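Trainee: Next come a sequence and a model predicted from it.
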Amino acid sequence: MTVEQTPIDSLTELEAAEELGLLTRELARHDELYHGQDKPEISDADYDALKRRAEEIENRFPALVGENSPSKKVGAAPSGAFQQITHAKPMLSLDNTFSDDDVRDFVHSVYRFLGQLPDNQIAFTAEPKIDGLSMSLRYEKGKLVTAATRGDGTTGENVTANIRTISEIPQALSGDVPDVVEVRGEVYMARSDFQALNAEMAAQGKQLYVNPRNTASGSLRQLDAKITASRKLRFFAYAWGDMSAMPSDTQLGMVEAFREWGFPVNPLMKRLDSIEALIEHYHAIEHARADLDYDIDGVVYKVDRLDLQGRLGFRSRSPRWATAHKFPAEQAFTRLTGIDIQVGRTGALTPVARLVPITVGGVVVTNATLHNEDYIRGIGQSGQPLREGRDIRVGDQVIVQRAGDVIPQIIDVVLDARPETSVPYSFPTTCPVCGSHAVRDVNEKTGKVDSVRRCTGGFVCRAQAVEHLKHFVSRNAYDIEGLGTKQVDFFFESDDPSLMIRTAADIFTLEARQSASMTKLENIDGFGRVSVRKLYDAINSRRSIALHRFIFALGIRHVGETTAKLLARSYGSYENFAASMTAAGSFHGDAWNELNAIDGIGEVVARAIVEFYTEPRNLGVLGELLKEVTPEPAEAPVVSDSPVAGKTVVFTGTLVRMTRDEAKAMAERLGAKVAGSVSKKTDLLVAGPGAGSKLVKAAELGVETTDEDGWFTLIGA
Ligand code: IVH
């Protein structure tokens, strides 16, 4: 999609409401086209983009979430975008308990119900409550046949295709299994995988995901299973639905059977037989929480014996034999001792709170984000008061909150405890590192002021320069072993001409400068003779590098790994890429149109790339770098004998035999390039019913046109 969107941060609540209304209607229309009429007008990826935009708006403006909201369809009734599945046995929820006393009440109620005295005869299991999405997996004769979300508990969504992409979930069960098995459990995203995904989003200048749970849910509810496959999702089995035979007569035994059949089960599950032991295990899990690679929000207790579970039965929606003991919200009071301003690679000035160290949910917190200057002043994204307008001052007693993996934040201040001498914080208007002006840009489209203040110093700014270098050597860019952030800081700070690294080119001249110098790196603390040799080898091995890595390493705003790959594939060689970007400098003409025609590159990104190539300082640095390194041409299409290899193809209109994404993947597999719009460079337009302006343009330019069947004939499928 090449439609330019206003950054969510720049939307007023009114605009957000308007856009959300539009999106809701559009999504409903596409749902009807897809399911009701089987005539989708847009690709699955475009549908998901609309959906994601709606979700992002709702995340930012929770007050706008209404009855018909697209996200409501997620948890409650099935969205209509997936087939519905009626659960053979309903999927229930759990009652919550919040204190040790509540737990005692729960255990006593179980004994009371069963008419037994509380003398520790009834065993319970205790296990973490995973913060993910519950899933019901149905196996027949040991083979996975369907996977359904919980939905409203009675009917869920058929997400089988997506679930099949999760490697932790067995497609076939091992051992001797009953004919019908419904295993239930939680699909989740590991914190580490979530962080890696967000790092990639940040590198692409995209909006970050809020938390692993929502991300897992969004990933699973993609209509295109390929998108699910690209996200790493995981699973814990802890419950069951329909079973033709029972492998055990206890809760723990059932979970043990699941493990033997090939499911991941949670290692912290225990069978215990006293209230004290349950509470003790709760605290042990609470303690372990911070070190787990997945989010949990409490501990679930279940009666272990299944016959007793059967006797206890259910209250309307939840079993009498289980309860969830929730963790308290992770908040704590501490004192704000200072506010530092960090300058990032793009010049963004981020205020960081320095705190008297405090343990929040098992983790010692010394820093927290303060987001931006408006946040400190008590002003929200759309100008509305935050914290009833209370500002945050150095010296204040503050409430720190740690939610899952999100960076700790200051959510409020205690006005009563404010020192009399305190003064409002004044946010710098110059860069604390280089002294250049720091400004808040005005969004050209909306006329809104950006909430982020940025240093205008560019390369002059040491902070931006050093962050650029760190990006250059990072894992998905040059990935130079032995040149991590610590070493970059060291070389950057050095004043010795034989040691300093200020731009990327300096990395590659280091060895030569060193060999001519008296100050030897190997004599410096932290660098031995062997490690220096290894460093030079690592640097030299990168003198030739894949084009997409090279482009990504340049650190052009909005150009993440995915975009870099698109550019590399589209332009083939660095020379071609650079010449085209220079030619596009006026923001019109063939080169500019060609860039915008690349499927997946929008105008904001295109502009950022072209602007990068108009900045003389960038060109200087690039020139120096290219004396040292050679970007390799992007790999030639593998299938050179296919009739469309090397051709530029555009798909338009409705495709019946395949989704747009599938068509695109197929064309690319055959060595073709897929563009989003028709230009002189287009070789073939594949037009389905409903094709409009692209068909006209192709006729004007004399571009060959065919329909979907013609495409299949052409490629011999
Ligand atoms: S047992 C009949 N065990 O919590 C009870 N649920 O609030 C079935 N959950 O919808 C659920 N971890 O998505 C159970 N170890 C665990 C769980 C767990 C997370 C979720 C599950 C359920 C919700 C209930």
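Mentor: Looks like it arrived, so ask away. The structure presented is a predicted model; accordingly, all values stated were derived computationally and were not measured.
Trainee: model confidence over stretch 399-413, on average?
Mentor: Stretch 399-413 shows a mean pLDDT of 80.
Trainee: Any chance you could list what contacts that stretch?
Mentor: Here stretch 399-413 makes contact (CB atoms under 8 Å, 6 or more residues apart in numbering) with 131, 191, 194-195, 210-213, 295, 329-334, 336, 353, 355, 358, 360-361, 363, 365, 367-371, 387, 390-393, 396-398, 414. The way it works is simple: take the backbone N, C-alpha and C, and place the C-beta from them, glycine included.
Trainee: All the strands of the stretch 201-350 of the chain, residue numbers only.
Mentor: 234-243, 270-272, 296-303, 314-315, 318-319, 322-326, 331-343, 349-360 (DSSP state E, counting those that start in this stretch).
Trainee: tell me the most buried of the ones you listed?
Mentor: Ranked by mean neighbour count, the strands of the stretch 201-350 of the chain are led by strand 296-303 with a mean of 23 (mean count of other CB atoms under 10 Å).
Trainee: Which secondary structure elements does that strand sit against?
Mentor: The contact analysis (3 or more CB pairs under 8 Å, 6 or more residues apart in numbering; DSSP states H and E) places strand 296-303 against helix 100-114, strand 124-130, helix 275-288, helix 306-312, strand 322-326.
Trainee: redo that, cut-off 6 Å
Mentor: Secondary-structure packing of strand 296-303 (3 or more CB pairs under 6 Å, 6 or more residues apart in numbering; DSSP states H and E): strand 124-130, helix 275-288, strand 322-326.
Trainee: strands paired with it, and their directions?
Mentor: Partners of strand 296-303 in the sheet, by DSSP bridges, are strand 124-130 (antiparallel), strand 322-326 (antiparallel).
Trainee: picking up where we left off before, pull out the buried members of the contacts of stretch 399-413.
Mentor: 131, 191, 194, 210-213, 295, 330, 332, 334, 336, 353, 355, 358, 360-361, 365, 368-371, 387, 390-393, 396-398 (16 or more other CB atoms under 10 Å).
Trainee: So which of those belong to helices?
Mentor: Judged by DSSP state H, helices contain the following of the buried ones among the contacts of stretch 399-413: Arg191, Phe194, Pro212, Arg213.
Trainee: pLDDT added to the residues you listed, as JSON lines?
Mentor: Output for these, formatted as JSON lines (pLDDT from 0 to 100):
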{"residue": "Arg191", "pLDDT": "91"}
{"residue": "Phe194", "pLDDT": "91"}
{"residue": "Pro212", "pLDDT": "86"}
{"residue": "Arg213", "pLDDT": "85"}
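Trainee: Pick out the most distant pair among these.
Mentor: Arg191 and Arg213 (10.8 Å; CB to CB).
Trainee: Mind pulling up the pLDDT for whatever residue of the stretch 301-450 of the chain ends up closest to the ligand?
Mentor: In the stretch 301-450 of the chain, the residue that lies nearest the ligand is Pro319 (4.8 Å; CB to the nearest ligand atom). Model confidence at Pro319, expressed as pLDDT, equals 92.
Trainee: From Pro497, how far off is the closest residue to it other than its chain neighbours?
Mentor: Nearest residue to Pro319, sequence neighbours excluded (CB to CB, 6 or more residues apart in numbering): Leu92, at 6.1 Å. Distance, Leu92 to Pro497, by CB to CB, to the nearest Å: 71 Å.
Trainee: Which one of the two is surrounded by more residues?
Mentor: Leu92 (17 against 10; other CB atoms under 10 Å).
Trainee: what pLDDT does the more buried one get?
Mentor: 88.
Trainee: picking up where we left off before, present the strands of the stretch 201-350 of the chain as a markdown table; the columns should include distance to Glu182.
Mentor: Listed next are the strands of the stretch 201-350 of the chain as a markdown table, based on distance: least, CB to CB, whole Å:
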| stretch | distance to Glu182 |
| --- | --- |
| strand 234-243 | 3 |
| strand 270-272 | 23 |
| strand 296-303 | 17 |
| strand 314-315 | 17 |
| strand 318-319 | 16 |
| strand 322-326 | 18 |
| strand 331-343 | 39 |
| strand 349-360 | 39 |
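Trainee: Specify the local secondary structure of the residue of the chain at minimum distance from the ligand.
Mentor: Proximity to the ligand, evaluated over the chain using CB to the nearest ligand atom, is greatest for Ser134 at 3.1 Å. Using DSSP: H, G, I helix; E, B strand; the rest coil, the structure places Ser134 in strand.
Trainee: Contacts only, for the closest residue to it other than its chain neighbours.
Mentor: Nearest residue to Ser134, sequence neighbours excluded (CB to CB, 6+ apart): Arg150, at 4.6 Å. Neighbouring residues of Arg150 by CB atoms under 6 Å, 6 or more residues apart in numbering: Met91, Ser134, Gly156.
Trainee: And the helices in the stretch 451-600 of the chain?
Mentor: Using DSSP state H, counting those that start in this stretch, the helices of the stretch 451-600 of the chain run over 462-472, 485-493, 504-515, 529-540, 547-553, 561-571, 574-583, 590-597.
Trainee: What residues of the last one count as buried?
Mentor: Residues Ala591, Trp592, Asn593, Glu594, Leu595, Asn596, Ala597 are the ones in helix 590-597 that count as buried (16+ other CB under 10 Å).
Trainee: Kindly reformat the residues you listed as a markdown table and extend each row with pLDDT and distance to the ligand.
Mentor: Shown next, in a markdown table, are the buried residues of helix 590-597 (pLDDT from 0 to 100; distance: CB to the nearest ligand atom, whole Å):
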| residue | pLDDT | distance to the ligand |
| --- | --- | --- |
| Ala591 | 94 | 52 |
| Trp592 | 95 | 50 |
| Asn593 | 92 | 49 |
| Glu594 | 91 | 49 |
| Leu595 | 94 | 46 |
| Asn596 | 93 | 44 |
| Ala597 | 89 | 45 |
